[in-house]
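# sharing a model prediction with you, sequence too.
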Amino acid sequence: MTAPLVTILDDEPAIRTMLTDALEDAGFRTLSFGRAQAFTAALAQHQPDVCLVDLSLPDTDGLTLVHKLALEQGAIVIIISGRALVQDKVTGLELGADDYIIKPFDPAEVVARIRARLRTSKPAPTTGQTARFASWQVLFDQYVLEDDAGQQTPFSHAEGEVLRLFLENPKRLISRAQMQDHLGGAASESFDRAMDVRISRLRTKLREDPKNPQLIKTIYGAGYIFLGDVTWQ
């Protein structure tokens, strides 16, 4: 079995070296880059399992790159940044990042978070990569929603984690605590806000009426419930 591939994008050579050493010692394969241009060019030939991305890059806006990776690449995206403000974390998560690690950090923590994310991103053995509900088909291997007319709408890895959780537990209440446990986040205001944003975006992509959604219902004070009938292939 091939070891997971982790790409590292950071303009500080010492950080790239530290992360490369820690990850390879832990059994991962790595590729590291100091510029976004070289990183994006490499994605044409490599399919990383995890992307570690610094926000303060000399040749591009890190947040824009995170959003593009989340929508197009399908990899787990973890931000590593010196920006410690809550709003920076929230923005990164809203744009599709799966986790946010603040510099300075212990490389062992990065390894542990990557392992946790890889565990939670694996599909459950009882389900497949394609699900049908209402007038929709979701293709988890392609990160797209497809309507009956064949029109496709992409979703991010982070949105896909939430959607899979709903589809694997239809017509059952899912509490915030269960979401936190399943998705591997830490209990915090930023985690709650990130979940609200992901669910809001899923509703938009499912063309739900935000005032009266029919598929993803909010049970105030308790959590969420997915009301569709789901079949897996």
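Received, thanks.
# I'd assumed residue 97 was in contact with residue 79.
Yes. Residue 79 is within contact range of residue 97, at 4.9 Å (criterion: CB atoms under 8 Å). Where you see a C-beta, it was placed from the backbone N, CA and C, and this is true even at glycine.
# what do those two both touch?
53, 66 (CB atoms under 8 Å, 6 or more residues apart in numbering).
# the host helix or strand of residue 41: how far from the chain's middle?
According to DSSP states H and E, residue 41 maps onto helix 36-42. In terms of CA atoms, centre = their mean, to the nearest Å, the centre of helix 36-42 is set 20 Å apart from its chain centre.
# and it, what does it pack against?
Applying 3 or more CB pairs under 8 Å, 6 or more residues apart in numbering; DSSP states H and E, one finds that helix 36-42 makes contact with strand 5-9, strand 29-33, helix 62-72.
# got phi/psi on the residue most central in space within the chain?
Geometric centre of the chain, nearest residue: residue 158, 2.7 Å, by CA atoms, centre = their mean. The phi and psi torsions at residue 158 (degrees, to the nearest 10) take the values phi -60, psi -40.
# surely it is in contact with residue 95?
No. When contacts are counted by CB under 8 Å, residue 158 is not listed as touching residue 95 (9.1 Å).
# so the residue lying farthest from the centre of the chain, which of the three states?
Residue farthest from the centre of the chain, counting by CA atoms, centre = their mean, is residue 149 at 27.3 Å. Assigned with DSSP: H, G, I helix; E, B strand; the rest coil, residue 149 falls in the coil class.
# start the count at 27, not 1, going forward
Let's use 27 as the start, then, which means that last one is residue 175.
# distance check, it against residue 124.
Going from residue 175 to residue 124 by CB to CB, to the nearest Å gives 31 Å.
# please apply the same query to residue 204.
Look at residue 204 and residue 124: by CB to CB, they are 18 Å apart.
# which one's more surrounded, the two?
residue 124 (28 against 15; other CB atoms under 10 Å).
# surely that one touches residue 185?
No. Using CB under 8 Å, residue 124 is not in contact with residue 185; the gap is 10.5 Å.
# let me see the ranges of the helices in this structure.
Assigned by DSSP state H, the helices in the chain fall at 39-51, 62-68, 88-98, 112-120, 133-147, 183-194, 202-209, 215-231.
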